[in-house]
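1. Here is a sequence with its predicted model. Questions after.
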Amino acid sequence: MHFEPVIGLEVHAQLQTRTKIFCGCTPAFGAPPNTHTCPVCLGMPGALPVLNADAVDKAIAAALALGCTVHEVSEFARKNYFYPDLPKGYQISQFDRPIATGGHVDLEVDGEAVRVGITRIHMEEDAGKSLHEGTGDPNLTGIDLNRAGTPLIEIVSEPDLRTAAAAAAYFTHIRDVLVAIGVNDGNLEEGSLRCDANVSVRPVGQAAFGTKVEIKNVNSFRFLQKAIEYEIARQSAVIAEGGTITQETRLFDPDSGRTFSMRSKEEAHDYRYFPEPDLPLLVLAPGQVDRVRASLPELPHARRARFVDQYGLPAYDAGVLTQDVAVAAYFEQVAAAAPAKLASNWVMGEVLRKLKDENVAIGDAPVPAGRLAELIRLVDEGTISSAAAKQVFEAMWTSGEAAPVIVEREGLKQVGDESALLAHIATVIAANPDAVASYKAGRVQAIGALVGQVMKLTRGTANPKVVHALLQRQLDA
């Protein structure tokens, strides 16, 4: 029996606001436990919430960027459940009247077009965090309420995904969009973006969905794909052997590559939603949606398409260069003064390598875009070789000097003068009789070793094309 997976994702994204959603505390990550709290986010009696206007604008921006319909009127509700790190005993969220509904994401996965519908986007506050380490007693659990009240949006997809790879691509796309518009920082490690996956399988051709299992709190694209792949295989094996799937919540263990049961969900939770009595209806101001729409920057998928059309780049290059807004802007500055494909190669290669090795943001790179373009032009014009250019780039990164200054000081200008090169070629031919004999015996690839010897003798300053032509002429003679 063959099975078809049915997958839907719930993406929880922290909004990049200066304060929490209902109070003036900072949501900044990494502070000592319970230092970013106040009576409101601690749920003290008599403390009343006040909605963060910037959080509303950012929720609207996310909805517009994902093609959703933004509703003029929405409503907050109390979602009642008990967790030790939920100080009020309920979470302020949105239920039957969310801020946005509809929308979709278009993807290309393994060469196939995939459209994923978006059911809804709603605003809510985050809970705190249970700490199982660092308490000094393995039997104790610490509670850190710094995250309590952090503003979130939850983006709920339709069950339109059919492969783990498509689910990972969808999660990646959502992150790219939210980061590009300044709604979320995209930091999965710090938990500001995380995902729950709802996975079921059904026999191919069956219309009814199978029993759904939720995989909770995945904060890695790779782990999401692995968790779903494992869960598809597990559920398929259980059904094939005559078993039944239990509706439950599971967690993914990256070390073993397996999911394991966290709690059963045999019946749907009764959260006893009711309208939040301390908050009025959220009624958007006239023109608010249009104002937010006008402020949206170019979205990643549109920028990728433009890079392909405007600069003639391969789709792969465009994808890499547009993953980060600042990197895309840096590339465009380089491409404004140097050939686009060479600019792409250098930014994707040397620049991104250095940024990764030294953990530096593109805005702090010691080689400005204009100076990188200057270096690329020296290569394109034949003034220096590609090998010498890499030496120059390293020196530019360290010293901050301009490429022409380093080239002149180090004597790295490419030698193309035939008379100067012929002497070096004669030396190499005399010193490598075996390679010469091999070439004359018909193994023409042997000339490559001789070209390499000339380049070594000239410290990389010889023009390799000229060297190859001169060597071939001398050997054929």
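-> Arrived safely. Residues are numbered from 1 along each chain as shown.
2. Look up how far residue 55 lies from residue 440.
-> Separation of residue 440 from residue 55 (C-beta to C-beta, to the nearest Å): 76 Å. All C-beta spots, glycine's among them, are computed from the backbone N, C-alpha and C.
3. just residue 127 next, same as before
-> Taking C-beta to C-beta, one finds residue 127 at 17 Å from residue 55.
4. and these two? which has more neighbours close in?
-> Comparing residue 127 with residue 55 by other C-beta atoms under 10 Å, the one with more neighbours is residue 55, at 23 against 20.
5. element containing the more buried one?
-> helix 53-65 (DSSP states H and E).
6. Quick check: next helix or strand after that helix?
-> Assigned by DSSP H and E, the successor of helix 53-65 is strand 69-70.
7. Now do the contacts for residue 453.
-> Contacts for residue 453 (C-beta atoms under 8 Å, 6 or more residues apart in numbering) come out as 428, 431, 432.
8. Give the phi and psi angles for it, as a check.
-> phi -70, psi -40 (degrees, to the nearest 10).
9. could you measure it against residue 432, distance?
-> From residue 453 to residue 432 the distance is 6 Å (C-beta to C-beta).
10. tell me the mean pLDDT over the longest strand belonging to the chain?
-> Criterion DSSP state E: the longest strand present in the chain is strand 112-125. For strand 112-125, the mean pLDDT works out to 97.
11. List the buried residues for it?
-> 114, 116, 118, 119, 120, 121, 122, 123, 124, 125 (16 or more other C-beta atoms under 10 Å).
12. Once you drop chain neighbours, what's closest to residue 391?
-> Beyond its immediate neighbours in the sequence, the residue positioned closest to residue 391 (C-beta to C-beta, 6 or more residues apart in numbering) is residue 412, lying 6.8 Å away.
13. what residues are up against the one you found?
-> 384, 388, 391, 392, 406, 459, 460, 461.
14. coming back round to it: of the buried residues of strand 112-125, which is the nearest to residue 209?
-> For the buried residues of strand 112-125, the residue nearest residue 209 by C-beta to C-beta is residue 119; the value is 14.7 Å.
15. Roughly how far does the closest one sit from residue 169?
-> In terms of C-beta to C-beta, residue 119 sits 19 Å off from residue 169.
16. Alpha carbons of stretch 164-174, as PDB, please.
-> Only the C-alpha atoms of stretch 164-174 are listed here, as PDB (Å, rounded to 0.1, in the frame of the first residue of the first chain):
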ATOM      1  CA  ALA A 164       8.900  17.200   3.800                       C
ATOM      2  CA  ALA A 165      11.100  19.100   1.300                       C
ATOM      3  CA  ALA A 166       8.100  21.400   0.400                       C
ATOM      4  CA  ALA A 167       7.400  22.000   4.100                       C
ATOM      5  CA  ALA A 168      11.000  23.100   4.600                       C
ATOM      6  CA  ALA A 169      10.900  25.300   1.500                       C
ATOM      7  CA  TYR A 170       7.700  26.900   2.800                       C
ATOM      8  CA  PHE A 171       9.200  27.600   6.200                       C
ATOM      9  CA  THR A 172      12.300  29.100   4.500                       C
ATOM     10  CA  HIS A 173      10.100  31.300   2.300                       C
ATOM     11  CA  ILE A 174       8.100  32.600   5.300                       C
END
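17. Quick one: distance of that stretch to the chain centre.
-> On the basis of C-alpha atoms, centre = their mean, to the nearest Å, stretch 164-174 sits 11 Å off its chain's mean C-alpha point.
18. List the buried residues in it.
-> 164, 165, 166, 167, 168, 169, 170, 171, 173, 174.
19. for residue 153, helix, strand, or coil?
-> strand (DSSP: H, G, I helix; E, B strand; the rest coil).
20. Tell me, how many residues neighbour it?
-> So residue 153, with other C-beta under 10 Å, has 27 neighbours.
21. what does the one 10 residues further on give?
-> Burial measure for residue 163: 19 neighbouring residues, criterion other C-beta under 10 Å.
22. Verify the contact between it and residue 112 for me.
-> No. With contact defined as C-beta atoms under 8 Å, residue 163 and residue 112 do not form a contacting pair (9.5 Å).
23. what do these two both touch?
-> By C-beta under 8 Å, 6+ apart, no residue touches both residue 163 and residue 112.
24. SS state for residue 206?
-> Classification of residue 206 by three-state DSSP places it in coil.
25. Number the chain from 28, please
-> All right, first residue 28 from here; so that's residue 233.
26. For residue 272, see how far away it is.
-> 14 Å.
27. Then residue 60?
-> Distance from residue 60 to residue 272, by C-beta to C-beta: 38 Å.
28. okay, those two: which has more neighbours?
-> Shown here are residue 60 and residue 272; by other C-beta under 10 Å, residue 272 has more neighbours (18 against 15).
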